[in-house]
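K.L.:
fold the following, please.
(chains A and B)
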Amino acid sequence: KAGVTQTPRYLIKTRGQQVTLSCSPISGHRSVSWYQQTPGQGLQFLFEYFSETQRNKGNFPGRFSGRQFSNSRSEMNVSTLELGDSALYLCASSLGPGASQPQYFGPGTRLTVL
Amino acid sequence: GENVEQHPSTLSVQEGDSAVIKCTYSDSASNYFPWYKQELGKGPQLIIDIRSNVGEKKDQRIAVTLNKTAKHFSLHITETQPEDSAVYFCAAQKEGGKLIFGQGTELSVKP
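P.N.:
Residues are numbered from 1 along each chain as shown, chains lettered A, B, ... in the order given. Sure thing, here's the model as predicted:
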């Protein structure tokens, strides 16, 4: 069974631009979560989607948004990029929401904001 | 608020020795505790997890223990090998909540 895939793997943008990242979950998984990973802040939760509905949201500004499609694929968008948005963005999928449902991560998208 | 403390931040062991990484969580409602291994350039890989109704779980050279009273859980790796070198993250989650990660432990296994 194929794992979680994320595209693109690498991205370079400039301040003020916007970016859209894509995540395809493991087949049969219906829950998708997004995380930001930086050396200083570690792994921080962005949001979680299940059945096209956002179930949880982390403490990030409104410039960060996401959505999930009927086939469980998910996208996240960051508008008006800032230098501090440079990070590895990770997507994880699970069978469903809630604790005790293991989350499996993709390889991430490395975003660099210049 | 919800918090997970992880220690040590770096750990160096000789091949064949054991390695222990410890985590403490703050939210007593947490009931799921996974451990992830992240190698350079890759996403975190789930290596073992434990639920609050279990005190210990083992999978070959890897074991996890949970002390709900003290809100501690630990990862034990025995007979370490150079390929165990990576960054390890603990996490805690409560029902309906998000995964809260520790800050990570960089494990180096010297041949």
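K.L.:
chain B contacts on chain A?
P.N.:
Residues of chain A lying close to chain B (C-beta under 8 Å from any C-beta of the partner chain) are A:4, A:33, A:42-45, A:48, A:56, A:58, A:90, A:97-100, A:102-108. Bear in mind the C-beta positions are built from the backbone N, C-alpha and C, glycine included.
K.L.:
try it again with 7 Å
P.N.:
By the rule C-beta under 7 Å from any C-beta of the partner chain, the part of chain A lying against chain B is A:42-43, A:45, A:48, A:56, A:58, A:90, A:98-100, A:102-108.
K.L.:
buried ones among those residues?
P.N.:
When these are checked for burial by 16 or more other C-beta atoms under 10 Å in any protein chain shown, the buried set is A:42-43, A:45, A:48, A:56, A:90, A:98-100, A:103-108.
K.L.:
and the lowest-mean-pLDDT helix or strand in chain A, what does it pack onto?
P.N.:
Within chain A, judged by mean pLDDT, DSSP states H and E, the helix or strand with the poorest mean is strand A:53-57; its value is a mean of 92. Helices and strands touching strand A:53-57, by 3 or more C-beta pairs under 7 Å, 6 or more residues apart in numbering or on different chains; DSSP states H and E, are strand A:42-50.
K.L.:
list the helices and strands the strand it packs on packs on?
P.N.:
Secondary elements touching strand A:42-50 (3+ C-beta pairs under 7 Å, 6+ apart): strand A:31-38, strand A:53-57, strand A:64-68.
K.L.:
if we go to 8 Å?
P.N.:
strand A:31-38, strand A:53-57, strand A:64-68, strand A:74-78, strand B:100-101 (3 or more C-beta pairs under 8 Å, 6 or more residues apart in numbering or on different chains; DSSP states H and E).
K.L.:
got those strands as TSV, with distance to residue B:13 columns?
P.N.:
Output for the helices and strands packed on strand A:42-50, formatted as TSV (distance: least, C-beta to C-beta, whole Å):
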stretch	distance to residue B:13
strand A:31-38	25
strand A:53-57	37
strand A:64-68	39
strand A:74-78	38
strand B:100-101	23
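K.L.:
nearest to residue B:76, of the ones you listed?
P.N.:
Residue B:76 lies closest, by C-beta to C-beta, to one member of the helices and strands packed on strand A:42-50: strand B:100-101, at 19.3 Å.
K.L.:
tell me if the closest one is near chain A.
P.N.:
Yes - contact of strand B:100-101 with chain A (C-beta under 8 Å from any C-beta) involves B:100, B:101.
K.L.:
ditto for stretch B:25-36
P.N.:
Yes - against chain A, stretch B:25-36 shows contacts by C-beta under 8 Å from any C-beta at B:30, B:31, B:32, B:34, B:36.
K.L.:
gap between the two ends of that stretch?
P.N.:
End-to-end distance of stretch B:25-36 (C-alpha to C-alpha, to the nearest Å): 16 Å.
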